[in-house]
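Just a sequence and a predicted model for now, questions to come.
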Amino acid sequence: MFGNDPTTSISVTIDDVAKAAGVSIRTVSRVINASPKVGEETRVAVQAIITQMGYSPSSRARALASGRSYLIAVVQDDPNAQVIGALQRGIFEICTRHGYELVVHPVRFNDPNVALEIETFVRRSRVDGLIVLPPASEIAAIPERLTALGVPSIGIASISVPAYPGLLISDDRAATAKLGRHLLDLGHRRIAMIEGPAHFRSAQERKAGFVEALESSGLDIDLQLREGDYGFESGLAAAEALLSMPNPPTAIFACNDIMAAAVVKAARERGVSMPGQLSVAGFDDSDLASMISPALTTIRRPLFDMAKAATEQLLQMIVEQGHTLPHRTLDLTLVCRQSTGRV
């Protein structure tokens, strides 16, 4: 078998792959370069032959032939390893499949010159395109600057950012409204929310959807709001304050799974039963959500699949320079587990 010989990829040529697959050299080249001009059936068949034969095109030859660097950058400013890990795994999978290398470029969300700093990075690194992750993706100046440079970019965000030539939007607002109605259906009337950073649009959207659902119910709701920053310590401090109230809430929604895990810890240390005395819910459906006990009711944000889709779209834009794609809004799913129950 071709793939069992470690020297095979050196001796196998693109012509060999084309002959084995029964297609032209141009078709093989298009598959390697993720061209949308190749049908899915042909792409899968050719990719299978490439894998079987162990063919690996020279990155230098590809770059010279196409005028590309075969580098993709991911721009990020999120300390949440659960979120970043899932996103990067999705991006890696598509990059590896199509022979691209990934460059991770961290930025500071609060830097007033962040768009200029990214432009400097693009000019220095000569990346073919960028995937911009939240919260940086929600800074309008970034896609505006990249579009002016003529560099393909795609964002993943919780709001619409029109300047991106491609954008995946997670509908955080509708999702938290769904969660709010779920807690009301369980009979909860003393409800608390631990917010995310006030300057993050994701935190604003999650708060808006949740609060609107409670307020529009027409029920007499005792709603307590506490500040958080998406970090464990902030979730712990907020939970301690809420559980110390004379008449504590029977349900707490934390705006991400990490803060929700902090609520579970605080409740357990106080001997509060879950969900008997307290229901807890989070957001993201990260790996953490199913690891803790009780397993966490949460909003599933399909980060891995979103990252894969964003990368596929970016490669299409790289191949077809100047191409734009319709912005897509994704509905998020409420995942009910053991941490929530009836009052």
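Now that the structure is in, tell me what you want to look at.

How many residues are close by the nearest residue to Gly180 once chain neighbours are set aside?
Nearest non-adjacent residue to Gly180, counting by Cβ to Cβ, 6 or more residues apart in numbering: Ala213, 3.2 Å away. Bear in mind the C-beta positions are built from the backbone N, C-alpha and C, glycine included. Ala213 is flanked by 21 other residues according to other Cβ atoms under 10 Å.

same deal with Asp16?
16.

what secondary structure does it sit in?
Classification of Asp16 by DSSP: H, G, I helix; E, B strand; the rest coil places it in helix.

what separates it from Ser56, distance-wise?
Per Cβ to Cβ, to the nearest Å, Asp16 is found 12 Å from Ser56.

Please apply the same query to Val46.
In terms of Cβ to Cβ, Val46 sits 14 Å off from Ser56.

In contact with the most centrally placed residue in the chain: list those residues for me.
The chain has Leu303 as the residue nearest its centroid, 3.8 Å off, counting by Cα atoms, centre = their mean. Residues in contact with Leu303 (Cβ atoms under 8 Å, 6 or more residues apart in numbering) are Val83, Ala86, Leu87, Gly90, Asp284, Ser286.

Just the ones in helices from the residues you listed, please.
Members of the contacts of Leu303 lying in helices (criterion: DSSP state H): Val83, Ala86, Leu87, Gly90.

top of those residues by neighbour count?
Using other Cβ under 10 Å as the neighbour criterion, Leu87 leads the ones in helices among the contacts of Leu303 with 25 neighbours.

Chain neighbours aside, what residue packs nearest to that one?
Ala307 (4.4 Å).

what are the phi and psi values for that neighbour?
phi -70, psi -40 (degrees, to the nearest 10).

Can you report how many residues lie near it?
24.

okay but it is in contact with Gly85, surely?
No - assessed by Cβ atoms under 8 Å, Ala307 is found out of contact with Gly85, at 10.4 Å.

right, and out of the contacts of Leu303, which lies closest to Gln338?
Ser286 (16.5 Å; Cβ to Cβ).

Would you agree that closest one is in contact with Asp257?
Yes - applying Cβ under 8 Å, one finds Ser286 in contact with Asp257, separated by 4.7 Å.

what do the two both touch?
Gln82.

In terms of neighbours, single out the busier of the two.
When Ser286 and Asp257 are compared for neighbours, Asp257 comes out ahead with 29 against 25, by other Cβ under 10 Å.

Next, the contact list for the more buried one, please.
Going by Cβ under 8 Å, 6+ apart, Asp257 touches Gln82, Gly282, Phe283, Asp284, Asp285, Ser286, Leu288, Ala289, Leu296, Thr298.

and the third one, what are its bridge partners?
Residues found in beta-bridge contact with Phe283 (criterion: DSSP bridges) are Ile299.

Use 34 as the first number from now on
Noted, 34 is the first residue going forward, which turns the last one into Phe316.

how near is it to Asp205?
Distance from Phe316 to Asp205, by Cβ to Cβ: 8 Å.

Between these two, which contacts overlap?
Arg239, Ile332, Arg334.

Just the buried residues out of those residues, in ChimeraX syntax.
ChimeraX command restricting the shared contacts of Phe316 and Asp205 to the buried ones, with burial defined by 16 or more other Cβ atoms under 10 Å:
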select :239,332,334
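
need the shared contacts of Phe316 and Asp205 in CSV with distance to Gly162 and pLDDT, can you?
Formatted as CSV, those follow (distance: Cβ to Cβ, whole Å; pLDDT from 0 to 100):
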residue, distance to Gly162, pLDDT
Arg239, 29, 98
Ile332, 29, 98
Arg334, 23, 95
